[in-house]
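Visitor: Structure, please.
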Amino acid sequence: MVEMDQQFAGSIPEIYDRLLVPLIFESYALDLADQVVKLRPRAVLEIAAGTGVLTRAIASRLDASARVVATDLNQPMLDHAAARQSSDDRIAWRRADALALPLEDQTFDVVACQFGVMFFPDKVQGYKEARRVLKPGGRFIFNVWDGIAVNEFADVVSETLATLFPQDPPRFMARTPHGYHDVERIRKELNVAGFPAISIASLDKRSRASSARDVAFAYCQGTPLRNEIETHGASQLEEATQAATEALVRRFGEGPIEGGTRAHLIVASR
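Guide: The predicted structure is shown next:
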């Protein structure tokens with residue numbers, strides 16, 4: 001399942017960017033971008049850039065002489081991100097494994113990662129790589145989701161699918177995006193990787209959607225949760241999406257809906 005959790009392909013990048021980014025990612029990307037640009041970096045590395053929501057937020061605020069190297073393990077996500085971004089010579093899109101960055105030591109002022117470290121198979125190794133490419137005094141700035149119980153849309157969808165597939169419940173959301181939220185563990189693993197100074201803040205927000213169907217479609221068909229649902233048969237995807245829609249309506253009502261989210265913002269100094 002861990003390998004499947006990293007598969008963002010097919011129609012997932014487009015659905016993810018169209019529905020999930022404005023639903024839960026965009027506002028946190030703006031917060032993270034603010035943390036980056038206030039340091040006035042000349043060189044920024046982004047890890048797990050996805051469809052580029054953080055890349056766009058950072059680039060729109062950086063000086064003309066600054067540069068951004070935006071990386072991701074999934075080429076389809078990078079392709080979608082590059083296609084969405086207007087021509088900008090400051091941005092280089094590059095496929096890269098966060099655990100073995102093909103970049104020189106002490107190259108960047110800031111390394112940023114928007115909801116990506118949860119996908120690292122080896123968190124400490126990923127942190128060591130971020131530290132390796134940072135200049136002395138540089139910052140590693142990233143965020144992670146808090147537990148699924150306090151991220152209401154994800155929780156409702158996950159619990160609904162557990163009921164629909166009781167013998168083998170799809171647990172991607174709880175296992176990976178919301179599976180790495182213990183701040184003391186994060187702090188310790190950053191220390192092990194060589195980061196001596198770490199600050200962590202929790203951010204609560206509200207997610208809003210025009211309909212329960214949009215939320216269900218975003219999670220069930222625009223994330224690797226889709227891969228897990230389809231192991232039960234391709235025909236199950238629409239059934240799962242409809243079941244999630246109905247559950248969200250029961251919880252949040254008809255028409256436009258909103259639910260709570262919480263994430264942790266981490267700043268580690270080299």
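Visitor: Every contact and neighbour count from this point should use C-alpha atoms.
Guide: Will do.
Visitor: Next secondary structure element downstream of the helix or strand where residue 184 lies?
Guide: Applying DSSP states H and E as the criterion places residue 184 in helix 183-192. Going down the chain from helix 183-192, the next helix or strand is strand 197-209, by DSSP H and E.
Visitor: So what angle separates the directions of the next helix or strand after that next one and strand 197-209?
Guide: Reading on from strand 197-209 to the C-terminus, the next helix or strand found by DSSP H and E is helix 212-221. Interaxial angle, helix 212-221 versus strand 197-209 (axes from the mean of the first three to the mean of the last three C-alpha atoms, to 10 degrees): 130 degrees.
Visitor: who touches helix 212-221?
Guide: 12, 15-16, 19-20, 23, 153-154, 157, 209, 225-226, 229, 237, 240-242, 244-246, 248-249, 254-257 (C-alpha atoms under 8 Å, 6 or more residues apart in numbering).
Visitor: list the contacts for the most centrally placed residue in the chain?
Guide: What sits nearest the mean C-alpha location of the chain, by C-alpha atoms, centre = their mean, is residue 115, with 2.9 Å. With contacts defined as C-alpha under 8 Å, 6+ apart, residue 115 is in contact with 48, 142-145, 177.
Visitor: Which ones among these map onto strands?
Guide: Judged by DSSP state E, the subset of the contacts of residue 115 located in strands is 142-145.
Visitor: Flag the shaky bits of the chain, pLDDT-wise.
Guide: Along the chain, the parts satisfying pLDDT under 70 run over 1-9.
Visitor: Just the helices from it, written as ranges.
Guide: Counting by DSSP state H, the chain has helices at residues 12-15, 26-37, 53-59, 75-84, 123-133, 152-164, 172-175, 183-192, 212-221, 225-230, 236-252.
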